[in-house]
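sequence below, structure please.
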Amino acid sequence: MTNALAEAIRSEVATPLRGVFYPLGLPIEITTNSPAILQAAEQSWGDHAPRYALPMLQVRVIASEDGDGLPPPPTPAWSMDGHMLYLDAGDGNYAVANMREGHGTIYVTRAATSNLLYLRYHFIESVVMILISSRHAMPLHSACVSFRGKGMLFWGAPGAGKTTLAYACARAGWTYTADDSCYVLHGATQGRVIGNARKVRFRPAAKALFPELQGYELTPRTEGKPSIEIPTAELPGLITSDEARVEYVIFLHRKPTDRAWLVPLGLDTTLQRFHTDFYDPAEIRTRQASILSSFANVKGFELHYETLTQAIDKLEQLANSGGSAR
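Now for the predicted structure:
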């Protein structure tokens with residue numbers, strides 16, 4: 001979809017319905033011609049309160065009556081042209097986000113709006129978080145928990161166990177902030193990150209580790225990795241916080257071993273690994289790189305472990321020792 005077409009959509013269709021939401025505590029205005037869109041946004045962020053006085057980002061969502069009776073479209077394909085990002089799921093379902101100016105337009109059919117989970121995950125939440133990540137914060141593909149006020153980011157490749165270890169720490173009395181995505185606000189100091197502490201998204205295999213998950217079914221999606229999304233309010237005894245001060249960055253290496261151990265990393269090595277989370281274009285990458293200066297005092301480690309108990313014990317030793325890997 002071209003930029004000209006996106007602007008034509010913005011100007012020609014009336015969107016009289018309006019809602020303001022606060023994902024991660026940041027203000028987002030959604031205008032639309034369909035109550036279903038505001039209902040979907042309410043499901044995503046209705047319990048998020050305003051926390052940060054930043055310029056409001058804007059998303060316009062236009063719903064058509066086309067596609068009635070059809071199954072939800074496939075997962076959208078992504079493409080970029082400079083600071084413009086496009087999603088296209090075919091059959092009249094597409095979106096464009098202007099990452100420089102902080103606004104986006106989504107056009108969806110009845111086939112998408114009839115499935116609010118699909119609509120939220122693949123379009124509304126995707127576009128909103130893209131705008132937040134390009135205008136207000138740097139995204140980090142990491143889980144975040146804190147032990148006695150000392151925040152730890154868990155980073156690793158898909159399947160490394162970020163969510164599983166974060167939740168196991170939370171069950172052991174740590175404070176939970178995020179399962180696999182957290183953000184550093186522009187201008188943040190002392191390594192502070194924010195996250196959505198209101199949910200945890202598990203892989204199905206987590207049921208074998210945590211008996212309390214047995215009653216939960218897979219969250220229905222048309223495509224993508226199977227997952228079980230659970231509000232943290234439904235999980236017993238969890239302590240949560242939407243913000244944490246990070247003192248340690250832990251790169252996870254799960255492998256067969258009879259003990260867990262930590263390998264210290266230099267600051268440059270630690271921060272360089274986060275560059276894979278940066279967005280194009282260059283102006284956004286430069287801004288995000290500068291945000292990492294707030295992590296100048298964090299300590300980085302590789303954690304080699306097999307069992308969750310091994311990992312938690314080793315990480316608690318790390319925090320109690322003030323950063324010693326012994």
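
give me the low-pLDDT residue ranges for the stretch 1-150 of the chain?
For the stretch 1-150 of the chain, the stretches with pLDDT under 70 are 1-11.

recalculate using a threshold of 90.
Along the stretch 1-150 of the chain, the parts satisfying pLDDT under 90 run over 1-13, 65-72, 75, 80-83, 100, 115, 117, 133-135, 137-141.

packing partners for the lengthiest helix in the chain?
If each helix of the chain is counted by residues according to DSSP state H, the longest one is helix 308-321. Secondary-structure packing of helix 308-321 (3 or more CB pairs under 8 Å, 6 or more residues apart in numbering; DSSP states H and E): strand 142-147, strand 150-155, helix 162-171, strand 243-254, strand 261-265, strand 299-305. For glycine as for every other residue, the C-beta is placed from the backbone atoms N, C-alpha and C.

show me what counts as buried in it.
Applying a neighbour-count criterion of 16 or more other CB atoms under 10 Å, the buried positions in helix 308-321 are 308, 310-312, 314-316, 318-319.

tell me the angle it makes with strand 243-254.
130 degrees (axes from the mean of the first three to the mean of the last three CA atoms, to 10 degrees).

what's in contact with helix 308-321?
147-148, 150, 152, 164-165, 168-169, 172, 209, 247-248, 250, 257, 259-262, 301, 303, 305, 324-325 (CB atoms under 8 Å, 6 or more residues apart in numbering).

do that again at 6 Å, thanks
147, 150, 165, 168-169, 172, 260, 305 (CB atoms under 6 Å, 6 or more residues apart in numbering).

and if you look at stretch 194-208?
Taking CB under 6 Å, 6+ apart as the rule, stretch 194-208 contacts 24, 144, 164, 167, 176-179, 182-183, 213-214, 226-232, 240, 242-243.

which of the residues you listed count as buried?
Counted by 16+ other CB under 10 Å, the contacts of stretch 194-208 give 24, 144, 164, 167, 176-179, 182-183, 213, 227-228, 230, 232, 240, 242-243 as buried.

restricted to strands, list those residues.
144, 176-178, 182-183, 228, 230, 240, 243 (DSSP state E).

kindly provide the distance from the most centrally placed residue in the chain to G195.
The chain has S181 as the residue nearest its centroid, 3.7 Å off, counting by CA atoms, centre = their mean. Look at S181 and G195: by CB to CB, to the nearest Å, they are 7 Å apart.

same question, G156
Relative to G195, and taking CB to CB, G156 is found at 16 Å.

chain center to the longest helix of the chain, what's the gap?
25 Å (CA atoms, centre = their mean, to the nearest Å).

just want the angle from it to helix 162-171.
70 degrees.

and helix 308-321 with strand 261-265, angle?
50 degrees.

tell me where the protein has helices.
Under DSSP H, the chain gives helices at 3-12, 35-45, 110-113, 116-119, 125-135, 162-171, 267-272, 282-291, 308-321.

so for A97, which of these sits nearest?
Nearest of those to A97, taken as CB to CB: helix 125-135 at 5.0 Å.

list the helices and strands that closest one packs on?
strand 93-98, strand 103-108 (3 or more CB pairs under 6 Å, 6 or more residues apart in numbering; DSSP states H and E).

cutoff 8 Å now
Here helix 125-135 touches strand 28-32, strand 57-63, strand 84-90, strand 93-98, strand 103-108, going by 3+ CB pairs under 8 Å, 6+ apart.

pull the CA atoms of it into PDB?
The C-alpha trace of helix 125-135 is given here as PDB (Å, rounded to 0.1, in the frame of the first residue of the first chain):
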ATOM      1  CA  GLU A 125      -1.600  -3.900  19.400                       C
ATOM      2  CA  SER A 126       1.000  -4.300  16.600                       C
ATOM      3  CA  VAL A 127       0.500  -0.700  15.300                       C
ATOM      4  CA  VAL A 128       0.200   0.900  18.700                       C
ATOM      5  CA  MET A 129       3.400  -0.800  20.000                       C
ATOM      6  CA  ILE A 130       5.300   0.100  16.800                       C
ATOM      7  CA  LEU A 131       4.400   3.700  17.300                       C
ATOM      8  CA  ILE A 132       5.400   3.600  21.000                       C
ATOM      9  CA  SER A 133       8.700   1.900  20.100                       C
ATOM     10  CA  SER A 134       9.600   4.400  17.500                       C
ATOM     11  CA  ARG A 135       8.500   7.600  19.300                       C
END
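
that concludes my questions; thank you for your assistance.
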